[in-house]
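**Q** have a look at this prediction, sequence included:
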Amino acid sequence: MGGMRILDLTLPTPAENLALDEALLEEAEAAAEPLETLRFWEPAQNMAVVGRSSYVDNEVHQDACRELGIPVFRRISGGAAIVTGPGCLMYALVLSYENYPALIVVKQAHAFVLETLAKALSTILPSPDQPSVGARRGAGGEGPVGEGVRYCGTSDLALEGMKFSGNSMRSRRRHLLYHGTILYNFPLEMISRCLKIPPRMPDYRNSRDHMAFIANLPVPADAIRRALISAWNAVEPFADWPRELTSRLAAEKYANPQWNELL
């Protein structure tokens, strides 16, 4: 199997960045052969993003977001709301069912992608004599120190019991979009201010509030990029990304209040 395409591209607006993830999936669906991509981007401003079927008021402190000037958007995939911005690396994978038939089963898709990411990120963690997440996480943290990055819950990545990555997926006939967040230098208090406790919580959370549950991965963004590029053999740079489709999706969907306030 050849290497997948790599695209490290942050567009000017949140709507365009959300649209590009969907456009890469649609481009792959329209291609005659499997077309796989790894994309990175990092927002220039803080924003909240709810899942495709989320009720905004159930998951987002809308008054706090308005006070802080944080817009709320809706993505094409499922899952609960997130807050992202500078210090949170976003990634997106478009994977082919022809290349990975087992991914048609949702549980197996989560496990395959997140176990691949966990293994890659574990290799770049600081050495044991450097400060760890466990030394900085505060009261309430769970999980043994030194266990490495783990796939936890339905679609989380955690280090020493502290979540640093939330992920979700969107399936089409021939391809899968799997995308998520990797907190590495994000002001975590923004999450507590902007997001309510989610309606569904994984067992490993143990009812912890956001600040006792979420942490930054103590690794620079460039090292994260390199680890994921290596893990997915993403060696084919490309410049001809789907500009027209991205612009149309941004205008018609992601910048449209009717989409973002759908539920």
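**A** That came through fine.
**Q** can you show me the strands along the stretch 151-263 of the chain?
**A** 156-159, 162-171, 175-183, 234-237 (DSSP state E, counting those that start in this stretch).
**Q** reformat these as a markdown table; add mean pLDDT, mean neighbour count and distance to H61.
**A** All C-beta atoms are positioned from the backbone trio N, CA, C, and that covers glycine. Below are those laid out as a markdown table (pLDDT from 0 to 100; neighbours: other C-beta atoms under 10 Å; distance: least, C-beta to C-beta, whole Å):
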| stretch | mean pLDDT | mean neighbour count | distance to H61 |
| --- | --- | --- | --- |
| strand 156-159 | 98 | 25 | 21 |
| strand 162-171 | 98 | 22 | 17 |
| strand 175-183 | 98 | 24 | 18 |
| strand 234-237 | 92 | 14 | 36 |
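**Q** rounded to a whole number, what's the mean pLDDT of stretch 55-71?
**A** Regarding stretch 55-71, the rounded mean pLDDT is 96.
**Q** and that stretch, C-alpha only, in CSV?
**A** The C-alpha coordinates for stretch 55-71 follow below in CSV (Å, rounded to 0.1, in the frame of the first residue of the first chain):
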residue,chain,number,x,y,z
TYR,A,55,-28.2,20.2,21.3
VAL,A,56,-26.1,23.3,21.7
ASP,A,57,-27.8,24.4,24.9
ASN,A,58,-27.2,21.0,26.5
GLU,A,59,-23.5,21.1,26.0
VAL,A,60,-22.3,24.7,25.7
HIS,A,61,-22.4,27.7,28.2
GLN,A,62,-23.6,30.0,25.5
ASP,A,63,-23.6,33.1,27.7
ALA,A,64,-20.0,32.5,28.6
CYS,A,65,-19.1,32.0,25.0
ARG,A,66,-20.8,35.3,24.0
GLU,A,67,-19.0,37.1,26.8
LEU,A,68,-15.6,35.7,25.7
GLY,A,69,-16.3,36.3,22.0
ILE,A,70,-16.1,32.6,21.3
PRO,A,71,-18.2,31.5,18.3
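**Q** on that earlier part again, tell me which of the strands of the stretch 151-263 of the chain lies nearest to P86.
**A** strand 175-183 (11.2 Å; C-beta to C-beta).
**Q** what inclination does the closest one have with respect to strand 162-171?
**A** For strand 175-183 against strand 162-171, the angle by axes from the mean of the first three to the mean of the last three C-alpha atoms, to 10 degrees is 160 degrees.
**Q** strand 175-183 - contacts with which helices or strands?
**A** helix 14-30, strand 88-96, helix 106-122, strand 162-171 (3 or more C-beta pairs under 8 Å, 6 or more residues apart in numbering; DSSP states H and E).
**Q** got the strands of the stretch 151-263 of the chain as CSV, with distance to L89 columns?
**A** Shown next, in CSV, are the strands of the stretch 151-263 of the chain (distance: least, C-beta to C-beta, whole Å):
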stretch, distance to L89
strand 156-159, 12
strand 162-171, 9
strand 175-183, 5
strand 234-237, 15
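**Q** among those, which comes closest to V56?
**A** Closest among these, using C-beta to C-beta: strand 162-171, at 16.1 Å.
**Q** make TSV out of the helices and strands packed on strand 175-183 and add distance to W41.
**A** Shown next, in TSV, are these (distance: least, C-beta to C-beta, whole Å):
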stretch	distance to W41
helix 14-30	5
strand 88-96	5
helix 106-122	16
strand 162-171	15
